[in-house]
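Asker: Please work out how this folds:
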Amino acid sequence: MAFTAQQTADIKAAMEDFLARRRPPVEIRDKLDHAWRIEGQSVVIFSIRPMWRDESKKIEEAIAKATYARSVNRWRVYWQRADFKWHGYEPHPEAVFFEEFLAVVDEDKHGCFWG
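Answerer: Reported below is the predicted structural model:
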């Protein structure tokens, strides 16, 4: 089930604020940028950069994912390991509010999201 219009607007506002702080400077965004998208009940944050073999093509690299679990009214927090699979972020596996998820990603206490 997709998010309601209000939930989508709230997520968009929170992500715009988050990316305003986290995006690289404008002058290098053609080499590295950050973006997000909604995928079903999840919000995925990713980086965008040129392919090293063909800079005319862009690749996306996952940073973090939050999936809303309606049954428990929580956001599940994930990070992508080297195996390219999403894994629960054990230090902080759930967030009550979407902004809490963003705070965990922003702090990146264990270097899982930003390296």
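
Asker: how far away is residue 16 from residue 22?
Answerer: 11 Å (Cβ to Cβ, to the nearest Å). The C-beta positions use only the backbone N, C-alpha and C, and glycine is treated the same way.

Asker: Those two: which has the busier surroundings?
Answerer: Taking neighbours as other Cβ atoms under 10 Å, residue 16 and residue 22 compare with residue 22 leading, 15 against 10.

Asker: In this structure that one contacts residue 106, no?
Answerer: Yes. At 7.0 Å, residue 22 and residue 106 qualify as touching, with contact defined as Cβ atoms under 8 Å.

Asker: contacting residues for residue 115?
Answerer: With contact set as Cβ atoms under 8 Å, 6 or more residues apart in numbering, residue 115 has no partners.

Asker: That one and residue 90, how far apart?
Answerer: Distance from residue 115 to residue 90, by Cβ to Cβ: 18 Å.

Asker: for this structure, longest strand please?
Answerer: strand 58-69 (DSSP state E).

Asker: Which strands and helices lie in contact with that one?
Answerer: strand 42-50, strand 74-80, helix 98-107 (3 or more Cβ pairs under 8 Å, 6 or more residues apart in numbering; DSSP states H and E).
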